[in-house]
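S.K.: Turn this into a structure:
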Amino acid sequence: MPVRFVISCEHGGNRIPRAYASLFHRYRSLLQSHRGYDAGALTMARSLSRALGAVLIASTTSRLLVELNRSPGHRDLFSPVMVGASDQVRRAIQRRYYLPYRRKVEAAVRASLALSNRVVHISSHSFTPVLGGMIRNADMALLYDPRRPSERRLCMCWQAALRTMDPAWRVRRNYPYRGSDDGLTRHLRRLFPDGLYSGIELEINQRIVRAGDRTWRDARSKIIDALRIAVD
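M.R.: Reported below is the predicted structural model:
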């Protein structure tokens, strides 16, 4: 049976539900920044889903409300903006937004495995070109656990295909973050063995996202074409 894809986007928007809007009335500019959401990540996720015929699970609730890409109990599960929220409010947010999202992604992987002998989960993200005064030296990156042969092999092939399509692109692996760090893919690796499940975080420099419709559209097309080559 062929490989099936699951696409997710944990930071697709900066929406704050009305019930919690009062907590954010002084943080409008922060919501519009890279700390509020991953610009372009949802567009990339939708493009991947359409091109690959893959299920898409996406959130447009801001990561400043609750960080879907962190484990329960992680110190960054709630942002500093939420410091004034009570434990009761935080638990309600987890029940309403965090747990259902994580369960949907897990269920999608299980459903896809029932139809195939391998699932590739692409979690779509983007990163700001400069952070803390440091320039990020990559156009895009692939995050994975190097201890998982299927993920390492896929990312090496994907990187090679991208470099062939556009030698000028700076495509890096496990940069600017490590794929083995705390996150949704790490959680899913504990549930599904290597060979059945490959969890990859796709990171795109927001400079490309904001470079203009044609450049951004061309980049998405090449990313998808290179992924198809990598999984053949």
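S.K.: in the helix ranked longest in the chain, what counts as buried?
M.R.: Using DSSP state H to define each element, the chain has its longest helix at helix 213-231. By neighbour count on 16 or more other Cβ atoms under 10 Å, the buried set for helix 213-231 is W216, A219, R220, K222, I223, A226, L227, A230. Every C-beta, even on glycine, is put in place using the N, C-alpha and C of the backbone.
S.K.: Nearest to W158 among those residues?
M.R.: A230 (4.0 Å; Cβ to Cβ).
S.K.: In contact with that closest one: list those residues for me.
M.R.: By Cβ atoms under 8 Å, 6 or more residues apart in numbering, the contact list for A230 reads L154, C155, C157, W158, A160, A161.
S.K.: Now render these as TSV, adding distance to S79 and neighbour count.
M.R.: Listed next are the contacts of A230 as TSV, based on distance: Cβ to Cβ, whole Å; neighbours: other Cβ atoms under 10 Å:
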residue	distance to S79	neighbour count
L154	32	20
C155	29	25
C157	36	16
W158	31	25
A160	37	14
A161	36	19
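S.K.: Keep only those of the residues you listed that are in strands.
M.R.: Members of the contacts of A230 lying in strands (criterion: DSSP state E): none.
S.K.: Can I get those residues in TSV including pLDDT and distance to P167?
M.R.: Output for the contacts of A230, formatted as TSV (pLDDT from 0 to 100; distance: Cβ to Cβ, whole Å):
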residue	pLDDT	distance to P167
L154	98	21
C155	98	18
C157	98	16
W158	98	15
A160	98	11
A161	98	12
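S.K.: Among those residues, name the ones in helices.
M.R.: Using DSSP H, L154, C155, C157, W158, A160, A161 are the members of those that sit in helices.
S.K.: was I right about the third one contacting R228?
M.R.: Read it as C157. No: under the criterion of Cβ atoms under 8 Å, C157 makes no contact with R228, lying 10.7 Å away.
S.K.: ok, what's across the strand from M134?
M.R.: Per DSSP bridges, residues listed as beta-bridge partners of M134: L131.
S.K.: Return the distance of it relative to Y98.
M.R.: Using Cβ to Cβ, to the nearest Å, M134 is found at 30 Å from Y98.
S.K.: ok, those two, which is more surrounded?
M.R.: It is Y98, of M134 and Y98, that has more neighbours when counted by other Cβ atoms under 10 Å, with 22 against 8.
S.K.: per-residue confidence for the residue nearest to the more buried one when sequence neighbours are not counted?
M.R.: Nearest residue to Y98, sequence neighbours excluded (Cβ to Cβ, 6 or more residues apart in numbering): V66, at 5.0 Å. pLDDT recorded at V66 is 98.
S.K.: Which residue ranges of this protein form strands?
M.R.: For the chain, the strands defined by DSSP E cover 4-9, 55-58, 119-127, 130-131, 134-135, 140-143, 171-173, 197-205.
S.K.: Figure out which of these is closest to D38.
M.R.: Closest to D38 of the strands of the chain is strand 119-127 (Cβ to Cβ; 4.3 Å).
S.K.: Packing partners of that closest one?
M.R.: strand 4-9, helix 41-52, helix 99-113, helix 184-191, strand 197-205, helix 206-209 (3 or more Cβ pairs under 8 Å, 6 or more residues apart in numbering; DSSP states H and E).
S.K.: Next, the angle strand 197-205 makes with the third one.
M.R.: Computed by axes from the mean of the first three to the mean of the last three Cα atoms, to 10 degrees, the angle separating helix 99-113 from strand 197-205 equals 120 degrees.
S.K.: who's in contact with helix 99-113?
M.R.: Contacts with helix 99-113, where a contact means Cβ under 8 Å, 6+ apart, come from 4-6, 8, 10, 55, 57, 59, 68, 119, 121, 184, 187-188, 191-192, 196-197.
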